[in-house]
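>>> here is a sequence with its predicted model. Questions after.
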Amino acid sequence: MGELPVRERSLEELELNERLRQQLGLGPDEPVRLLDAGVRTILLERCGAPASAALPWDHELVFTANVRAFPLADLLGVVHSAGKSGFLFFTCRDHTKSVFLHRGEVVFASSNQRVDRLGECLLRAGVITLEQLREAVLGHACDLGIAFDGDGDRIGVLDGKGRILWGDQFLVFLAKEVLSEHPGATIIADVKASQVLFDEIARMGGRPLMWRTGHSLIKAKMAETGAPLAGEMSGHIFFADRYYGYDDALYAAVRLLNVVARESASLAELVDRLPRVVNTPELRIPCSDERKFKVIEEVKVRLAAEAAELVAVDGVRVKSGDGWWLLRASNTQAALVARCEAPSAEALERLKSALRRQLAASGVAVPAF
C-alpha cells in the first residue's frame with residue numbers, strides 16, 4: 001500500500017481518530033494496519049459517530065478493502081453474542097469473507113465489496129449457542145471462537161481444538177503482552193483462578209495478586225494498586241492499560257486477537273504449552289443466604305485447628321501437596337462456590353474428598369461432583 005498524502009485535519013476528525021484508536025486498543029503512535037471497508041460503519045457506530053461522518057484519512061489511519069493489510073488476515077474466526085450490541089471483524093484464510101457481529105447475530109460479508117450500510121451485504125446467520133460455536137470452529141477449521149454474554153462484559157474463548165478456555169487461561173497470554181510494556185506490574189486475578197495463572201505471571205516478572213471475586217471489588221483493587229490488568233475465571237477481563245479499567249469484553253477480544261496475531265503459534269498451541277493441571281469447573285452448591293457465610297466461618301475454624309495452609313481473602317482457598325481447593329460464599333446466589341485443581345486426576349479426587357468432608361461437617365448436602 002502506498003503512502004497517502006497528509007492533510008490538515010479538523011478538531012472533529014482528530015477527536016474521531018482518538019476514539020477509533022481507543023476502540024482498536026492502539027496507542028497514539030502505533031500505526032493502524034486495518035480494515036475492510038465494511039467495518040467502517042461498525043467502528044463509527046461504536047464511537048458514537050454518524051455513519052456519514054468524515055473519516056480521518058491519513059498515512060496513520062487507513063480503511064482499506066485490501067484485507068491482506070490487516071494483521072489478523074491469517075486468522076479465521078467465529079464470533080458469538082447473546083446480547084444486543086458489540087462488533088468485531090475477522091478475515092478468513094482465503095481472504096474472501098469477513099465475519100461481523102451485529103446486534104447479537106453472527107453475520108458474514110464479502111471482503112472485496114465496499115458498502116455504505118452494513119445490512120446491504122450481510123447474510124444473517126442467526127444467534128448461536130456456545131455448542132454451535134464449537135461446531136462452527138471445528139467445522140470450518142477455525143483458529144478460535146469468541147463469545148460474549150448478554151451485556152458484553154464477559155468474554156468466552158474456544159481454541160482451534162474446540163476447547164473452552166476460561167478467563168484464567170487466556171489471561172496468561174494477555175498478561176504476557178501487558179508485562180512486556182509494564183515490567184514488574186501487578187496483575188490481579190480472582191480467588192477462583194488457576195494456580196498456573198499466578199505462577200506464570202510471576203515467571204514473566206509480574207506481581208500476581210489474588211483477590212476477591214466480583215467486578216466492583218476487582219476494579220477497586222485495580223485503582224488501589226495501579227494494576228494495568230485484572231481478570232476473573234468467569235471471563236470478566238479488566239484493562240487499565242490503554243483503556244478505562246472496566247470489564248469490556250469486546251475490547252478484551254481485540255487485545256486477545258492482537259496477541260494471537262503476533263504469535264507464530266496458534267492459540268491451541270499456546271494453550272498446550274501451559275503447565276498441565278486438571279481441575280473442576282466452578283461448582284455451585286445450594287446453601288441459604290442465612291447459612292452460607294456461617295458455613296465458611298465453621299470451615300475456617302476447623303482448618304485452623306488442622307494448621308492447614310490457606311488464603312482467606314474470599315472464603316478459604318486451601319493448599320496442599322495435591323493442589324488446592326476453594327470454598328466461598330456466592331456474592332449473588334443462595335449458594336456456596338467451590339473449585340479444585342491438581343496435577344493429576346488421582347490428586348484431584350483427594351482434593352474433592354477433602355472438600356466433601358468439610359461440607360458434610362457443616363451439614364451441607366454434598367452434591368455429586
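Cool, got the structure.

>>> going forward, measure contacts between C-alpha atoms and count neighbours the same way
Fine.

>>> domain parsing of this structure, as residue ranges.
Taking automatic domain parsing as the criterion, the chain consists of the domains 11-152, 166-272, 278-361.

>>> what's the average pLDDT for the second one?
Averaged across domain 166-272, the pLDDT comes to 93.

>>> so Val318 lies in a strand, does it not?
Yes: using DSSP: H, G, I helix; E, B strand; the rest coil, the assignment for Val318 is a strand.

>>> residue contacts, it?
Residues in contact with Val318 (C-alpha atoms under 8 Å, 6 or more residues apart in numbering) are Ala308, Glu309, Leu310, Val311, Trp324, Trp325, Leu326.

>>> now Asp190. Its backbone dihedrals?
Backbone torsions of Asp190, given as degrees, to the nearest 10, read phi -80, psi 170.

>>> one step back: can you pick the most crowded of the contacts of Val318?
For the contacts of Val318, neighbours were counted using other C-alpha atoms under 10 Å, and Leu326 has the most, 26 neighbours in all.

>>> that residue contacts Lys192, doesn't it?
Yes: counting by C-alpha atoms under 8 Å, Leu326 touches Lys192, with 7.1 Å between them.

>>> with pLDDT, distance to Glu200 and secondary structure as added columns, please give the contacts of Val318 in CSV.
Below are the contacts of Val318 laid out as CSV (pLDDT from 0 to 100; distance: C-alpha to C-alpha, whole Å; DSSP: H, G, I helix; E, B strand; the rest coil):
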residue, pLDDT, distance to Glu200, secondary structure
Ala308, 95, 25, coil
Glu309, 96, 21, strand
Leu310, 95, 20, strand
Val311, 96, 19, strand
Trp324, 98, 17, strand
Trp325, 98, 19, strand
Leu326, 98, 20, strand
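
>>> what sits against Ser320?
Ala308, Glu309.

>>> kindly state the beta-bridge partners for it.
Judged by DSSP bridges, the bridge partners of Ser320 are Gly323.

>>> report the separation between it and Leu310.
9 Å (C-alpha to C-alpha, to the nearest Å).

>>> then Pro183?
29 Å.

>>> cool, Glu232 as well?
Separation of Glu232 from Leu310 (C-alpha to C-alpha): 20 Å.

>>> and what of Ala360?
20 Å.

>>> what of Arg134?
For Arg134, the distance to Leu310 - C-alpha to C-alpha - is 37 Å.

>>> and for Ser353?
17 Å.

>>> what's the answer for Val301, then?
With C-alpha to C-alpha as the criterion, Val301 and Leu310 are 12 Å apart.

>>> do the same with Ile187
Taking C-alpha to C-alpha as the measure, Ile187 falls 21 Å from Leu310.

>>> repeat for Ser234
From Ser234 to Leu310 the distance is 22 Å (C-alpha to C-alpha).
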